[in-house]
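Participant: how would this look folded up:
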Amino acid sequence: MTMQAKPGDRLIVEGRTDTAHRREGEILEVHGDDGAPPYMVRWDDGHEGTVYPGPDAHVSGR
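Facilitator: Numbering: from 1, shown residues only. Coordinates of the predicted model:
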């Protein structure tokens, strides 16, 4: 199943190790077809960037 999102949803990336912490951010833009990645995300620390989420990521609605 392909990941789908819309602007305003939250992208959550789970930490895969003891030292890699969970990251969360707001999806600002969706660049793929039908809500598919890549996404422009504003992370909770204020940084913004384009993300191609991996298997450790999921989308949560507003």
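
Participant: buried stuff in the lengthiest strand in the chain?
Facilitator: Ranked by residue count under DSSP state E, the longest strand found in the chain is strand 23-30. Neighbour counts over strand 23-30 (16 or more other Cβ atoms under 10 Å) mark 23, 25-27, 30 as buried. For glycine as for every other residue, the C-beta is placed from the backbone atoms N, C-alpha and C.

Participant: return the member of those nearest to residue 6.
Facilitator: Relative to residue 6, the closest of the buried residues of strand 23-30 is residue 30; by Cβ to Cβ it sits at 6.3 Å.

Participant: who are the neighbours in contact with the closest one?
Facilitator: 5-7, 36-37, 39 (Cβ atoms under 8 Å, 6 or more residues apart in numbering).

Participant: mind putting those residues into a markdown table with secondary structure?
Facilitator: As requested, the contacts of residue 30 are exported to a markdown table (DSSP: H, G, I helix; E, B strand; the rest coil):
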| residue | secondary structure |
| --- | --- |
| 5 | coil |
| 6 | coil |
| 7 | coil |
| 36 | coil |
| 37 | coil |
| 39 | strand |
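
Participant: check the secondary structure at residue 34 for me.
Facilitator: helix.

Participant: how close does it get to residue 13?
Facilitator: From residue 34 across to residue 13, the span is 21 Å (Cβ to Cβ, to the nearest Å).

Participant: neighbour count: these two, which is higher?
Facilitator: When residue 34 and residue 13 are compared for neighbours, residue 13 comes out ahead with 19 against 7, by other Cβ atoms under 10 Å.
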